[in-house]
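*Asks:* Provided below for reference: sequence and predicted model.
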Amino acid sequence: MAGSFHRVLCADCENEQVVFGKASSVVSCAVCGTTLATPTGGEAELHGDVVETVEAR
């Protein structure tokens, strides 16, 4: 499986943003700049609440 996308809710500003599950760089919230995901070499560590997961086809 290539990976999946997650809709992550920012804990600070409640913005929802789509993040790739295997992100290779730090993903920040587009509104407030809070870190939403950090790379770990495999699946990214998500720092917000996952609202929805969309599996890759």
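*Replies:* Alright, I've got the coordinates.
*Asks:* thought G3 was touching S24?
*Replies:* No: using Cβ atoms under 8 Å as the test, G3 is too far from S24 to be in contact (10.6 Å). (Glycine included, C-beta is placed from N, CA and C.)
*Asks:* higher neighbour count, these two?
*Replies:* G3 (14 against 9; other Cβ atoms under 10 Å).
*Asks:* just give the nearest non-adjacent residue to that one, would you?
*Replies:* K22 (4.4 Å; Cβ to Cβ, 6 or more residues apart in numbering).
*Asks:* state the pLDDT value of the one you found.
*Replies:* Looking at K22, its pLDDT reads 93.
*Asks:* what do you get for A2?
*Replies:* 76.
*Asks:* quick check: it vs K22, distance?
*Replies:* Note on A2: its distance to K22, by Cβ to Cβ, to the nearest Å, is 8 Å.
*Asks:* show me where the chain has strands.
*Replies:* 4-9, 16-20, 27-28, 35-38, 45-46, 49-55 (DSSP state E).
*Asks:* any chance of CSV for those strands, columns mean neighbour count?
*Replies:* Shown next, in CSV, are the strands of the chain (neighbours: other Cβ atoms under 10 Å):
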stretch, mean neighbour count
strand 4-9, 17
strand 16-20, 15
strand 27-28, 18
strand 35-38, 19
strand 45-46, 14
strand 49-55, 11
